[in-house]
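> using only what follows, build the 3D model:
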Amino acid sequence: MPPAIPPPPRPPQNTGAALELLVHGVGGATPQEMLGDPRTVRVTGDATAAVYRRTEDAQGEKHPERYRDEPVAEAYCWSGLTSGNGSRALWLLLLPFMVVNLAHWMRPTAAGRTRAVRLYGVVVRLVALSLTVLLTAAACEVALDLVAWQCAGTSACSERRSWLGFLSSSQGGWWSQPGRRLALAATVPAALVGLLWYLSNQTWSAYESQSPLDATDDDACDPDGTEEAHGPGAPDSADDPESARPVPPALSRPGFWYGRRLVARLRAAHTAAGFLTVAAAVTGAAARHDRTADSPVPQMFGLVIEGALVLCAAVTVWVICRRGRSESVRDTRVDGALITYLPGSALTLLGLAVLHAGWSRPEWQSTGSLPGETAFRLLALGQGLLVVILALVARSLHRRTPEPRTTLYGLGGPSVAMLACALGGVMTGGVAQRVADWLDGPGTPGMGRGSIIEGPPVLLSWQASVIPVLLLLLLVPVLFLTVRTARRARRMGPDIEAEYAPEPPDPARTRRIARIRATAALTDSAPWIVGVVSAATLLLGAAAVAGSWTSGEVPGLATDGAAAPVESLAEAAQSTGSWLIGFGFILFVAGGRRAYRDASARRTIGILWDVGTFWPRAAHPFAPPCYAERAVPDLASRMCAWTATTRGRLIISGHSQGSVLAAAAVWQLPGAARRRVGLLTYGSPIERLYGRWFPAYFGAVPLLGLNRSVHCWRNLFRATDPIGGPVRLSTDPDPGVDRGPLKDPLAYGRTTALPLPEPILGHSDYQADPVFAKERAALLEELGTRLPRQAEGGDTLRRSQEGRTSSGRSSG
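Numbering: from 1, shown residues only. Got it, this is the predicted structure:
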């Protein structure tokens, strides 16, 4: 008897309830704040990120009769992914890695330029690799050169530091030989590389290991089988060419938010590069000494290790260049042999280098400094050359597919990559110079007057000296923007008074509103500031390399014999730049710690950090973790579950950075689910920041495709908002996405309805505007008028939402 065939599953029933999924923005918000109720319950999720409801709404979909006038409100809280205790401020030390990772995603839009796109990615990954080498080289400079070689090898320095007594050359102990001192000191940079590997591996497991929707999830979201029959993003009628949708954009690809294979490869390569850098620093000093006639160690040992280092370095570069991201499918494979043997081989070579350096060489004495000058110069030149190549590729891509709103005519990525190199140089140089000043006591390393140690490489002093020059150059655009903003604010006065007529004019109130609006417009000038800083950094960096190479001395000594003003300016620039680097580094870490613990400070810089950590780690595996690789699958899964189980209406409501997460999650939905979703964004940087800086992913074409793929979309913005702005979809007819600018403040003066002065809200409290409730009700009504009927003849999902009040707050 053949087995009974089970009946086909019944299609999900329409419960009649609608859902509003709130997503907060910068600074985070508690579920109680978002839902406007102190009594909340967690529906799904964990302590890091979860979905909450009001306690009374916990079973809302089972009682649709209670929600005829408003939807069930849910709040997705993801602030645990980007904030926490003060120890997370240590992530700020990885800022150069985060910035260079951003450059990868700033690629201009490319149409049919596969080779150019691949070259762009390869160059960015090489710049990222150079930053890892730079960080490790700086750690070697501090531990090996300044401490173990210079200070421990100079009795005047080691006598002042009791903790260096057992390494001091004057003690004559077992550790006093230079090679053994270097071998011991090598544990510091090696431990740093190991720590970076550990953090990258742990944060991947904690933040980014969430899988996107797989095939079985797609089937659950698409009970009618539309996706399977016609492919992702297919219209309701596959035979209707008028309703055909464009090719899904990059953010809708199944593997976009799951880069496990690439991150693992990059982590192995960067870890190997760090270990190889330490091994090269140790072996280089020992092998150079062995080439002298009186060395008891055969030269062949050093030559073999150096040759193996070169070979392993070549393999590391090949791994970096060989493969980019796989986004068309969710690539769950792991290159087990590579990620095990490459860093393992580099660590083995480091161990051999340590053993080789620890070989007894009784006659070896440490004098001067280790030859790190050439390495730092080559790194600086290599980074500058890579940035120039990146600029040429980006400009070529932009000329092929120009978009008017793209920042710096496609040069945003190269400019940001240059800033990453500058940040890396400033941070590493600042640490090296501060340690050298501390070890040298009252002297000034490199100046020869009372100095007891040589100090760090000359190039680092030259790089510090150009910082005051760069700050002076920045005064020009800053003054220009200040004057232009003041003039713009004055011109706004009559328009503002006319906007609030017939209320009597108040000059002070008018000036305040105009000043805030004019200041908010400064966001649109940020690309040119970045361009000026990057160009000046490239030119001044080249001048620093040339100055150090030709003179071989720090600026204060290189100008000896010149005119008195020139010599004084050089010494002032050198000392001022050195202290600016050290002070800036300390201020940077302290400010970052405060930002993680203080909500108001976090809102100030939160948008920049949230933009940086929104993108997956595609260029640098040691960058701070990507919260979107957890948040986007969370949101997509929640929306998919609702549409699959209820086939009801759903509005995803995102504020600020939450609107970007909402859009990315909607892109990840199957077409059948997207057509049941309405998108409400407010205070959104989706075009103003993301569309301009990341045109390949949020440019005009992808945003137009997003509008066509969802059922309906509304975007609210204010002129006083420095972050949010219009979406600017330019089609005929106008799709009607943008609503604004909203009036802010709601009242100019005191009125009968609003007897107290209304605040200027700027980027916050969009729900306080009556337009918010009106537009949300319109979205719900539009969703209800076009959703298909149930399979068993139920009523259509149409319910009027006029007069509905706000269900909660989406951000603090």
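> in the stretch 51-200 of the chain, which spans are helices?
For the stretch 51-200 of the chain, the helices defined by DSSP state H, counting those that start in this stretch cover 95-105, 114-140, 155-158, 178-185, 187-203.
> out of these, deepest packed?
A comparison of these by mean neighbour count, using mean count of other CB atoms under 10 Å, puts helix 95-105 on top with a mean of 25. Every C-beta, even on glycine, is put in place using the N, C-alpha and C of the backbone.
> which elements pack onto it?
helix 114-140, helix 412-440, helix 599-614 (3 or more CB pairs under 8 Å, 6 or more residues apart in numbering; DSSP states H and E).
> dump those helices into TSV; add distance to P504 and mean pLDDT as well.
Formatted as TSV, those follow (distance: least, CB to CB, whole Å; pLDDT from 0 to 100):
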stretch	distance to P504	mean pLDDT
helix 114-140	57	94
helix 412-440	46	89
helix 599-614	34	66
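> of all those, which one is nearest T731?
For the helices and strands packed on helix 95-105, distance to T731 was read as CB to CB. The smallest value, 25.0 Å, belongs to helix 412-440.
> give the buried residues for stretch 457-472.
Neighbour-count burial for stretch 457-472, counted by 16 or more other CB atoms under 10 Å, picks out 457-470.
> with distance to A486 added, can I get the residues you listed in TSV?
Putting these into TSV (distance: CB to CB, whole Å) gives the following:
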residue	distance to A486
P457	45
V458	44
L459	41
L460	40
S461	39
W462	38
Q463	35
A464	34
S465	34
V466	31
I467	28
P468	27
V469	27
L470	25
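> so what touches stretch 331-338?
By CB atoms under 8 Å, 6 or more residues apart in numbering, the list of residues contacting stretch 331-338 from outside reads G255, Y258, R260, R261, A264, R265, A268, V319.
> want to try TSV for the helices and strands packed on helix 95-105, with distance to S568 as columns?
Below are the helices and strands packed on helix 95-105 laid out as TSV (distance: least, CB to CB, whole Å):
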stretch	distance to S568
helix 114-140	30
helix 412-440	20
helix 599-614	37
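> tell me which of those helices lies nearest to D524.
Using CB to CB, these put helix 412-440 closest to D524, at 13.6 Å.
> sorry, back to before: can you pick the most crowded of the contacts of stretch 331-338?
The most neighbours of any of those, using other CB atoms under 10 Å, belong to Y258, which has 25 neighbours.
> look up phi and psi at that residue.
The phi and psi values for Y258, taken as degrees, to the nearest 10, are phi -150, psi 90.
> hmm, it is touching R330, no?
Yes: at 5.1 Å, Y258 and R330 qualify as touching, with contact defined as CB atoms under 8 Å.
> helices along the stretch 351-500 of the chain, start to end?
Counting by DSSP H, counting those that start in this stretch, the stretch 351-500 of the chain has these helices, from start to end: 373-400, 412-440, 458-499.
> which residues touch L538?
G384, V387, V388, M418.
> not counting sequence-adjacent ones, nearest residue to the second one?
In space, V387 comes closest to M418 once its chain neighbours are excluded; the distance is 4.9 Å by CB to CB, 6 or more residues apart in numbering.
> just give the number of residues close to that neighbour.
31.
> roughly how far apart are it and T348?
36 Å (CB to CB, to the nearest Å).
> what are the phi and psi values at Y500?
phi -100, psi 10.
> what number of residues are in the vicinity of the nearest residue to it once chain neighbours are set aside?
Closest residue to Y500 apart from its sequence neighbours, by CB to CB, 6+ apart: Y748 at 3.6 Å. Neighbourhood size, Y748 [other CB under 10 Å]: 22.
> and the gap between the closest residue to L423 other than its chain neighbours and F301?
Leaving aside its sequence neighbours, L423 sits nearest to P96 (CB to CB, 6+ apart; 4.3 Å). Distance, P96 to F301, using CB to CB: 36 Å.
> contacts only, for the closest residue to G740 other than its chain neighbours.
Nearest residue to G740 in three dimensions, chain neighbours excluded: F717, at 4.3 Å (CB to CB, 6+ apart). Counting by CB under 8 Å, 6+ apart, F717 makes contact with Y682, G683, S684, G724, G725, P726, D738, R739, G740, P741, L742.
> so the closest residue to E363 other than its chain neighbours, which of the three states?
For E363, ignoring the flanking residues on the chain, the nearest one in space by CB to CB, 6+ apart is D294 at 5.6 Å. Following DSSP: H, G, I helix; E, B strand; the rest coil, the label given to D294 is coil.
> coming back round to it: and of the helices of the stretch 351-500 of the chain, who's closest to G194?
Nearest of the helices of the stretch 351-500 of the chain (CB to CB): helix 412-440, 18.4 Å.
> flag every buried residue along the closest one.
Under the neighbour-count criterion of 16+ other CB under 10 Å, helix 412-440 has 412-437, 439-440 buried.
> quick check: E775 touching L716?
Yes: if you go by CB under 8 Å, E775 and L716 touch, sitting 6.6 Å apart.
> anything in contact with each of those two?
With CB under 8 Å, 6+ apart, E775 and L716 have common neighbours L680, R739.
> neighbour-wise, which of these two wins?
L716 (26 against 17).
> who's in contact with the more buried one?
Contacts of L716 (CB under 8 Å, 6+ apart): L680, T681, Y682, G683, R739, G740, L742, Y766, D769, V771, F772, E775.
> neighbours around P504, how many?
Close neighbours of P504, defined as other CB under 10 Å, add up to 9.
> what's the distance between it and Y748?
Distance from P504 to Y748, by CB to CB: 9 Å.
> quick one, helices of the stretch 201-350 of the chain?
Under DSSP H, counting those that start in this stretch, the stretch 201-350 of the chain gives helices at 215-221, 226-230, 260-290, 299-322, 336-357.
> let's have the ones you listed in JSON lines, adding distance to V666.
Listed next are those as JSON lines, based on distance: least, CB to CB, whole Å:
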{"stretch": "helix 215-221", "distance to V666": "12"}
{"stretch": "helix 226-230", "distance to V666": "15"}
{"stretch": "helix 260-290", "distance to V666": "23"}
{"stretch": "helix 299-322", "distance to V666": "34"}
{"stretch": "helix 336-357", "distance to V666": "34"}
